[in-house]
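>>> please work out how this folds:
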Amino acid sequence: MPLPQSAPPPHFARRFDVTRWLILVAVALAARAVTFGDPVVHVDEEFYFATARGMWQGALPFVDIWDRKPIGLFLLYWPAAGLPLAWGILAYQIMALVSLVLTARLVFWMAERAGWGAGALPGAVAYLLWPDLLNGVGGQAPIFYNLPMAAAGALIVLSAQRHRRLLGAAAMALVGITLQIKYSAVFEGMFFGLWLLMREWRARTALWVLAGYAVLLVALALLPTLIAYAAYLDRGQADAFVYANFGSIAHRNANPLPEMLGNIGVLVLLLSPLVAMVFGARGRVGQGDASARAFLFAWFVAALLGVAVFGTWFDHYGLPVLVPGAACAAGFFGRADMRRRVTPAILLLVALVGQIAVVVNIHNRGTAAQFARMAEAVGRGPGCLYVYSGSTMLYPATGRCRLSRYVVPAHLNRARESGATGVDQATEVRRILAAHPAVVVMRPPFRGERPEIRAIVVAAMAHGYHRAATVPMGNERIVIYKR
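All right, here's what the predicted structure looks like:
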C-alpha cells in the first residue's frame, strides 16, 4: 500500500530518530564530561554513595545511617556502590547520564505531542543543559526521579486519547516509585492525581466510579512507600522509618534569613529565563493536542509551586521544574521568528554559562586530585574515622569504620538540624569523641554552624590528638587530626 504524500518513508523516519538520539547523547556527554570520575561533584551524592556502600556492609538506612531521603534513592546508588570506588563513581554518573537523556527524549515526545514539534529538539536540549546551572551535573535525586515523573506525564498526555483510566493509573504508579526516590515529588504527584480526577469529572463519570478511581490512584501512589514501611515493620524498625521519613522534617529549623533570601535570588535568576520562554510559548498553537498543551502549562505551574512550598530553596530544588518547563519552552524555541537565530543563541549561551558554573563549582569544592590527596592523608590504617565537617566520601574512600549513624556532618553541627534528628547534637558529638576516633576531619568554620559544637571538637583535639595534615580542598583547607 503506497504511503501518503505527507508521510516520510520509514527508513527516513528511523534515520531521523537515530539522529535525534545521537544529538541528545552528544549534548549530555559534552555538558557533563568534566565531572566524570569526580567523587566530589556535590555533597548530596557523596552521601548517597557512602550510604549505599554502607548497605553493602550491612548498614540499614534510617537505623544504622540516618537521613530523611527515601530508601529508593539509596537503592538506586546501591549497584554502583558495590564496585571499586573509581568504577562506582563512574557507574552512578553514567546511570545519571542515561536517566537525563531518557528524560530529555520524553520532553521531546511531549512537546511534539502538544504541537510544538519545530521546537521539540531544542526543548530537549535545553533540558540537558539547564541542570549545569542548578548544581544538577551529577547524580542529584531529581536527575533520577525526573525520569519516572516525565514518563508519568507522558502517560497522562497519551491517556487523553486512549485507555484513559488504565494509563492514568499507570502514571500514578510511577508517581509512587518517584516518591521513594524523593518525597518532594508529592506536589507534582498531587497535581497529576487531581488532573486525572478533573478529567473524569468533566467526562461525567458516575460519582461512585470517580470515588473508586480516586482511591485507586491514591493507593497506587502510596504503595511503594507502604511496602518500604512494611519492610521496616518486619525488622522491628517501624518507628525509625516513620521518624526519619516524616516526623523529623517538621522539627527542622529554618536557615538564616540571609541564606534563604540568597537561595531564592539564585533560583529566581536561573529559572526566570525558562519561565519567560514558557510564557512566550502561550498561544503558539500547532497541529497538536490542545489538552496536552493545557496539561504541560498546568504542570509547570504546579512544579513551580512545589518548589516555593517546599522551602530552603537550594538551587538544585529547581531541577523538577525543568521537565514541564523545557517541554513548554519548545513552543517558544520553535517559533518562526526564533528558531533560526535566537534559539541556537539561547542554547549556546546556556551551554557556555553552564560549563562556567560547573568549572567554578569544581574549583570551589575541590578536584578529584585534591580529594585523592585528602583521602591519602586520612589513610586506610586501623581505627575509625569521624568527619566532623567535610566530605562523607572519605568513608568509602578510606574504608574506615564509622562511630555514629549520623554520617552527614550537618546533622550534628548545623543550627537548622538542632532538635530535628532524634538526638541532642552536643551529646552525640561527645559520645563520638569518647570512643576515640583514630582520625578526625574538620573544615574551617562555616555559615550555619553551631560554634558551641565546634568548640567541643576543638577542645577534644587539644588532648591526645595532633594535626597530621592540612590539605587544600577547593577554596578551603581541611585539617586532619590523628591520635
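
>>> buried set for the host helix or strand of residue 98?
Of the helices and strands defined by DSSP states H and E, residue 98 is found in helix 85-113. When burial is assessed from 16 or more other CB atoms under 10 Å, helix 85-113 yields the following buried residues: 85, 88-93, 95-97, 99-101, 103-113. To be clear about C-beta, it is placed using only N, CA and C from the backbone, and glycine gets the same treatment.

>>> which parts of the stretch 351-483 of the chain are helices?
Secondary structure of the stretch 351-483 of the chain (DSSP state H, counting those that start in this stretch): helices at 368-378, 394-398, 410-413, 425-434, 451-461.

>>> center of the protein, which residue is that?
With distances taken as CA atoms, centre = their mean, the chain has residue 141 as the residue nearest its mean C-alpha position (2.3 Å).

>>> that older thread, which among the helices of the stretch 351-483 of the chain is found nearest to residue 210?
Of all the helices of the stretch 351-483 of the chain, helix 410-413 sits nearest to residue 210, with 43.9 Å by CB to CB.

>>> convert the C-alpha atoms of that closest one to PDB, please.
This file holds the C-alpha atoms of helix 410-413, laid out as PDB (Å, rounded to 0.1, in the frame of the first residue of the first chain):
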ATOM      1  CA  ALA A 410      25.300  18.900  59.100                       C
ATOM      2  CA  HIS A 411      23.000  16.700  61.200                       C
ATOM      3  CA  LEU A 412      25.400  17.200  64.200                       C
ATOM      4  CA  ASN A 413      26.800  20.700  63.600                       C
END
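
>>> which of the helices of the stretch 351-483 of the chain sits closest to residue 291?
helix 410-413 (44.0 Å).

>>> for the closest one, packing partners?
If contacts are counted by 3 or more CB pairs under 8 Å, 6 or more residues apart in numbering; DSSP states H and E, helix 410-413 sits against helix 425-434, helix 451-461.

>>> off-centre distance for the last one?
Taking the mean C-alpha point of helix 451-461 and that of its whole chain, the gap between them comes to 33 Å (CA atoms, centre = their mean, to the nearest Å).

>>> which other helices and strands contact that helix?
If contacts are counted by 3+ CB pairs under 8 Å, 6+ apart, helix 451-461 sits against helix 410-413, helix 425-434, strand 439-442.

>>> could you give me the buried positions within that helix?
By neighbour count with 16+ other CB under 10 Å, helix 451-461 contains the buried residues 453-454, 456-457, 460-461.

>>> and stretch 227-237, by the same measure?
Counting neighbours by 16+ other CB under 10 Å, one finds that the buried residues in stretch 227-237 are 228-229, 232, 237.

>>> could I get the helices and strands packed on helix 451-461 as TSV with mean pLDDT?
What follows is those, written out as TSV (pLDDT from 0 to 100):
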stretch	mean pLDDT
helix 410-413	97
helix 425-434	98
strand 439-442	98
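
>>> distance to residue 342 and mean neighbour count added to these, as TSV?
Listed next are those as TSV, based on distance: least, CB to CB, whole Å; neighbours: other CB atoms under 10 Å:
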stretch	distance to residue 342	mean neighbour count
helix 410-413	42	23
helix 425-434	52	17
strand 439-442	49	24
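
>>> redo those as CSV? Include distance to residue 340.
As requested, those are exported to CSV (distance: least, CB to CB, whole Å):
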stretch, distance to residue 340
helix 410-413, 48
helix 425-434, 58
strand 439-442, 54
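
>>> out of those, nearest to residue 379?
Closest to residue 379 of the helices and strands packed on helix 451-461, according to CB to CB: strand 439-442, at 7.2 Å.

>>> what is that closest one packed up against?
Strand 439-442 is packed against strand 385-387, helix 451-461, strand 476-482, with contacts defined by 3+ CB pairs under 8 Å, 6+ apart.

>>> strands paired with that strand, and their directions?
With DSSP bridges as the criterion, the sheet partners recorded for strand 439-442 are strand 385-387 (parallel), strand 476-482 (antiparallel).

>>> which among those is found nearest to residue 337?
Scanning those with CB to CB as the criterion, the closest one proves to be strand 476-482, at 48.0 Å.

>>> for that closest one, the distance to its chain's centre please.
On CA atoms, centre = their mean, the centre of strand 476-482 falls 29 Å from that of its chain.

>>> try stretch 260-272
On the basis of CA atoms, centre = their mean, stretch 260-272 is displaced by 17 Å from the centre of the chain it belongs to.

>>> about what we covered before: measure the residue nearest to the centre of the chain to residue 193 for me?
Between residue 141 and residue 193 the computed distance is 21 Å (CB to CB, to the nearest Å).

>>> pick the one among the buried residues of helix 451-461 closest to residue 157.
Distances from the buried residues of helix 451-461 to residue 157 were compared by CB to CB; the smallest belongs to residue 453, at 49.9 Å.

>>> for that closest one, which residues are in contact?
Counting by CB atoms under 8 Å, 6 or more residues apart in numbering, residue 453 makes contact with 412-413, 425-426, 429.

>>> find the nearest non-adjacent residue to it, please.
Computed as CB to CB, 6 or more residues apart in numbering, the closest residue to residue 453 that is not its neighbour in sequence is residue 413, at 4.8 Å.

>>> got it, and residue 251?
In space, not counting the residues next to it along the chain, residue 251 is nearest to residue 420; the distance is 4.0 Å by CB to CB, 6+ apart.

>>> pLDDT score assigned to residue 320?
pLDDT recorded at residue 320 is 97.

>>> related to what we said a few turns ago, can you redo the strands paired with strand 439-442 as JSON lines with distance to residue 291, mean neighbour count and mean pLDDT?
Formatted as JSON lines, the strands paired with strand 439-442 follow (distance: least, CB to CB, whole Å; neighbours: other CB atoms under 10 Å; pLDDT from 0 to 100):
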{"stretch": "strand 385-387", "distance to residue 291": "51", "mean neighbour count": "23", "mean pLDDT": "98"}
{"stretch": "strand 476-482", "distance to residue 291": "52", "mean neighbour count": "19", "mean pLDDT": "98"}
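
>>> in CSV, list those strands along with distance to residue 132.
Converted to CSV, these look like this (distance: least, CB to CB, whole Å):
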stretch, distance to residue 132
strand 385-387, 28
strand 476-482, 23
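
>>> and residue 343, how close does it get to residue 119?
Using CB to CB, we find residue 343 at a distance of 7 Å from residue 119.

>>> okay, and the common contacts of these two?
A shared contact of residue 343 and residue 119, defined by CB under 8 Å, 6+ apart, is any residue touching both; here these are 333-334.

>>> the two: which has the busier surroundings?
residue 119 (29 against 24; other CB atoms under 10 Å).

>>> just to be sure, the more buried one is in a helix?
Yes. Residue 119: assigned to a helix according to DSSP: H, G, I helix; E, B strand; the rest coil.

>>> that one against residue 333, yeah?
Yes. Shown here, residue 119 and residue 333 form a contact pair, counting by CB atoms under 8 Å, at 3.3 Å.

>>> so what sits against both of those two?
Each of 339, 343 lies in contact with both residue 119 and residue 333 under the rule CB under 8 Å, 6+ apart.

>>> pretty sure the residue nearest to residue 453 is touching residue 387, no?
No. Judged on CB under 8 Å, residue 413 makes no contact with residue 387 at a distance of 10.5 Å.

>>> residue 335 and residue 122, how far apart?
When CB to CB is applied, the distance between residue 335 and residue 122 equals 11 Å.

>>> what about those two, which has more around it?
When neighbours are counted by other CB under 10 Å, residue 335 and residue 122 differ, and residue 122 comes out ahead with 24 against 17.
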